[in-house]
Structure formats: C-alpha cells, structure tokens
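Visitor: return a 3D structure for these sequence lines:
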Amino acid sequence: MVGSFFVCGIAFLLAAALAGLIQTVSPWPWGSWLALHLAFVGGVSQLVLGASQFFVGAFLATDPPPRPLVRAELLLWNLGAILLAVAVPATAGAAIWLAVGCLVFSLGLWSVSIGLMWRRSLRRTVWAIGWYSSGALFLGFGVIAGSLLAHAVPWSHGDLLAAHMSLNLAGWFGGAIVGTMHTFYPSLTQTQLRFPRLQGLTFAAWTAGVVALAIGYTWGVDPLAVAGWLLLCLGAVGLLANVAACLRGASGPLSLAARIVGAAQPFLLAALLIATISAVDGGPEQALTGTSRAVVGTLLVAGWIGLTVLGSLLHLLAVVIRVRGGFAAPMPVARPRLDGAIAALAMTAIAALSLAQGTGIGGLHGPAGLLLLAVYLVLGTRVAQLAGRVIVCARPSI
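Guide: Purely as a prediction, here's the structure:
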C-alpha cells in the first residue's frame, strides 16, 4: 500500500518539477498554479494518504484496509488530481466539479479505511487517528473553498484564497506532518518521545490555530486570524521541544533520513514567526501576500515541507524494499560525515535564500538558489533510485 501511493505521488512530484521548469523557460498564466497543484494535490497529498494509513495500522497493531477500498482510493484520487489539472486551466466548470467530487469521495473512502482499522485494532491511542482525522476535515473544507475559487464565485466577506491556503497548508499538510513527527521522528532516531504529554498541547494549539486562521480570513476577522498565527507558533514550539529531545537522546549515528527530517523542523517555527510578525505589524493579509511572502514560502515549502517529505521518503521507501524483500535487504548505512554535510548544506541553502529574499541582497540569491537546487538533486536522485527499486524489486501491489 505504501509503495503504491508513494510511487504515484513521486510521479506527480516529477511532473510538478517539469511543469515548474517549463514555466521558468516559457511562462504561461496557469503554469505556476499547475506546478503547485501537481506537487501538493497529486504529490504530497498522496504521500500523506498512503503514509497515514501505514502509520495508523502500525500504531493500532491491526491489518491494513481491504484491497478494493485502497484501490478505489488510489483510482479516485489520481483521477481527480489529473482531471483538475486539465479542467481548471480550461475553465471547464462541469469537469472541475467532477474532479472535486473524485477527490472528496476518495477522502471519504480514506476515512472509511481509518475507521475500519480503528474498530478492529488491538490497542487504542487517540493520537493514532486524531491528527489525520482533523487534517482530513480541514482538507475537505479546503477543497470546497478551492472549488469556489476555481469557479470565480464572488466572496466579499473576507479573503477566501487565504482561507483555502490555511486549510490546505496548515490544516492538511501541516497537521499530518506535525502529528506524524511525534511518532515517526522517535523511530528515526531510535528514541522515545521525551515529552508525550506535550503532544496534547501541540494538537490543541495547532488545530485551534487552523480554525482561527480559516474563520478569520474567510470572514475578515483580523484579530482572530492573528490569534491563529500565534497558536500555530505555540504548536510549532511544542513539536520542536520533542524533536530536539529526540536528537539529544539518540545514542548511535543518525541516518541521512533522520538528519534531513530533523533539519527541516526549525524552518516551520521560523516561517510562522515571520508570518506572525507580518500579521501583527501590517494586518493578517500581509502574512501571505505582503513583502514577507517569499521568505515564508521558502521556509515552509522548500525548507519544512520539502525536506521533511524527502527525508521521510528516504526512510519509508527503504522500509518497503526491506519488508517486501523478506527483510534480506539492509537499511541504508549511516555515514555521519557525508550525511551531516548534506543536512548542513540544505539548512545553509534555505537560510541563505530566505535571507536574500528578506533583505534584498542580490549577490546571495543566485548562489543560495543553486546550492539548494544541488541539495535537492542529490536527495531527489536518491529517492528516485529507491522508488525504482520499489517498482522493480519490491513490486508494490494492492
């Protein structure tokens, strides 16, 4: 199941990279939107759908969902993502609603899968499904807001685009990543969660922050939107406390995946702090559309989400190969100096690029961008190699 979702998701990520390259060489009105859609809806979202079911099954010590159900999820999600990529630039109203229907129905089937695993589980823990369930709910509202935007439905009460971004980025992607880190990162570092009770505060702050942002932006309630940014910062601090404790508690050399995922997490708090300062200083709309937009986007997308996804793929694809190969294939060996250098270069590139965007230092922008591209190529090549081994050797099937 994980291999099937991940191979499809990686295919969309490669398509997104190609669309972004075409947009850079020969810009067209929908080029940037198409690249983002392929990356986040077809790519990252599909990775979350597959990984969440894998982790829920592991947390609850139960079997995966029935194969016909998973097949339907995969078919509908990929069909909806592809159809939406064609329908929106073509302004085909009926096709847009059909694509949205496929995505929402697939999300509903995902919810059924989570419910089935919960009912037949051998142990119960609310965190196994709490983060993913809230994230799926936010995504459902985000898809509805996105469909209204695609149909150019007039909305004079507030900023519907900002609400759509808050629900999708903070609610769906953010909630899934923040929630998963509480169990995934301890396993990467071979440690235990140092502050388990802090997860409750993190969950409450994060979900309340997303709700506040969505309502505040949708209805133009500025104080509520600012409160949402502050609550997200509080949630990020809670996550970082546990991540830092895992790093301190690791007894052996860290794998490349553990280093990359760990390096990504500080960028979440950095982006949220900058967005919060912008929202307090110039109003909530400045957090997403003001002068700090590029910096926040780089820290969140290239820094936090990008590195977390790449690092997670490095580990999970290796796990798929090992499990499907009867545990004969070893996990990647940690190379402290090389792995540490790659993680350090990734952090340096993102920090330098953000600094260049925020201060206007032109001479720093080009080298930082090239360094970041080089790091992404190294990590992306490794992920592509693992994905190829999954297809050829592990033979994912559902």
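Visitor: going forward, measure contacts and count neighbours with C-alpha atoms only.
Guide: Noted.
Visitor: what sits against the most centrally placed residue in the chain?
Guide: Closest to where the C-alpha atoms of the chain average out (CA atoms, centre = their mean) is residue 173, at 4.0 Å. Counting by CA atoms under 8 Å, 6 or more residues apart in numbering, residue 173 touches 44, 45, 48, 135.
Visitor: the lowest-mean-pLDDT helix or strand in the chain - contacts with which helices or strands?
Guide: Across the helices and strands of the chain, mean pLDDT, DSSP states H and E gives its lowest value to helix 284-289, namely a mean of 86. Counting by 3 or more CA pairs under 8 Å, 6 or more residues apart in numbering; DSSP states H and E, the packing neighbours recorded for helix 284-289 are helix 222-249, helix 256-282, helix 293-297.
Visitor: dump those to TSV, plus mean neighbour count, mean pLDDT and distance to residue 325.
Guide: Compiled in TSV, those are given as follows (neighbours: other CA atoms under 10 Å; pLDDT from 0 to 100; distance: least, CA to CA, whole Å):
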stretch	mean neighbour count	mean pLDDT	distance to residue 325
helix 222-249	21	97	30
helix 256-282	22	96	21
helix 293-297	20	92	39
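Visitor: where do the helices sit along the stretch 251-398 of the chain?
Guide: 256-282, 284-289, 293-297, 306-324, 336-359, 362-389 (DSSP state H, counting those that start in this stretch).
Visitor: output the contacting helices and strands for the first one.
Guide: Using 3+ CA pairs under 8 Å, 6+ apart as the contact criterion, the neighbours of helix 256-282 among helices and strands are helix 175-189, helix 222-249, helix 284-289, helix 293-297, helix 306-324, helix 336-359.
Visitor: turn those into JSON lines, columns for distance to residue 52.
Guide: Formatted as JSON lines, the helices and strands packed on helix 256-282 follow (distance: least, CA to CA, whole Å):
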{"stretch": "helix 175-189", "distance to residue 52": "8"}
{"stretch": "helix 222-249", "distance to residue 52": "18"}
{"stretch": "helix 284-289", "distance to residue 52": "28"}
{"stretch": "helix 293-297", "distance to residue 52": "25"}
{"stretch": "helix 306-324", "distance to residue 52": "12"}
{"stretch": "helix 336-359", "distance to residue 52": "25"}
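Visitor: and residue 124, which of the ones you listed is closest to it?
Guide: helix 175-189 (14.9 Å; CA to CA).
Visitor: how about that closest one as CSV, C-alpha atoms only?
Guide: The C-alpha trace of helix 175-189 is given here as CSV (Å, rounded to 0.1, in the frame of the first residue of the first chain):
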residue,chain,number,x,y,z
GLY,A,175,-1.4,18.7,10.7
ALA,A,176,-0.3,15.4,9.1
ILE,A,177,3.4,16.3,9.3
VAL,A,178,3.3,17.7,12.9
GLY,A,179,1.2,14.8,14.1
THR,A,180,3.4,12.1,12.4
MET,A,181,6.6,13.6,13.7
HIS,A,182,5.6,12.7,17.3
THR,A,183,6.0,9.0,16.5
PHE,A,184,8.0,9.0,13.3
TYR,A,185,10.9,11.0,14.5
PRO,A,186,11.5,8.9,17.6
SER,A,187,11.6,5.8,15.4
LEU,A,188,14.1,7.5,13.1
THR,A,189,16.4,8.4,16.0
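Visitor: now do that helix: distance to the chain's middle.
Guide: Counting by CA atoms, centre = their mean, to the nearest Å, helix 175-189 is centred 12 Å from the centre of its parent chain.
Visitor: residue contacts, the residue nearest to residue 375 when sequence neighbours are not counted?
Guide: Sequence neighbours aside, residue 346 is the residue nearest to residue 375 in space, at 6.1 Å (criterion: CA to CA, 6 or more residues apart in numbering). By CA under 8 Å, 6+ apart, the residues touching residue 346 are 371, 372, 375.
Visitor: now do residue 346, the pLDDT please.
Guide: pLDDT for residue 346: 97.
Visitor: would you quantify the distance from it to residue 353?
Guide: Per CA to CA, to the nearest Å, residue 346 is found 11 Å from residue 353.
Visitor: sorry, back to before: can you add distance to residue 154 and give the helices of the stretch 251-398 of the chain back as TSV?
Guide: Listed next are those as TSV, based on distance: least, CA to CA, whole Å:
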stretch	distance to residue 154
helix 256-282	25
helix 284-289	18
helix 293-297	24
helix 306-324	33
helix 336-359	33
helix 362-389	38
